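# sequence isn't available, so here's the structure alone:
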């Protein structure tokens, strides 16, 4: 019993006297912060999209400009897609979870809305040419 108490006292005194961070810990944290900042810079901001492309079962079924406001009925009235003020969103859907409706408005290049039960995907595309430099494509 006495040796267990001595061990716990030794560990307690060790943790009380040790430094919370060493030099290596600070360097690792700094590298991680720089990596996070670089990821944010190269990922955002995305360019404004110009076209909403609608896919059903992986096949393109329509392209619509984000500059003209419109309401698009999909799947014989089971979904209502709205384009308004440069944004695209699902206003109504007959699916159970309504995830596509709750996704909200999208307008940036590469953003998408997916309705799995109805097998619909809406993707925003831009007319801009993207130049990839370095790395594998």
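That came through, no problem. Keep in mind that what you see is a predicted model, and the values were worked out from it rather than measured.
# check which element follows the biggest helix by length in the chain along the chain.
Ranked by number of residues, the top helix in the chain under DSSP state H is helix 23-43. For helix 23-43, the following helix or strand on the C-terminal side (DSSP states H and E) is strand 51-56.
# nearest residue to the most centrally placed residue in the chain other than its sequence neighbours?
What sits nearest the mean C-alpha location of the chain, by C-alpha atoms, centre = their mean, is residue 111, with 8.0 Å. Spatially, and ignoring its direct neighbours in sequence, residue 111 is nearest to residue 124 (4.8 Å; C-beta to C-beta, 6 or more residues apart in numbering). No exception for glycine: its C-beta is placed from N, CA and C like everyone else's.
# so what sits opposite that neighbour in the bridge?
With DSSP bridges applied, residue 124 shows beta-bridge pairing to residue 52.
# chain center to the helix or strand bottoming out on mean pLDDT in the chain, what's the gap?
For the chain, the helix or strand with the lowest mean confidence is helix 2-17, at a mean of 69 (criterion: mean pLDDT, DSSP states H and E). Computed by C-alpha atoms, centre = their mean, to the nearest Å, the chain-centroid distance of helix 2-17 equals 47 Å.
# enumerate the positions of that helix that are buried.
Within helix 2-17, no residue is scored as buried using 16 or more other C-beta atoms under 10 Å.
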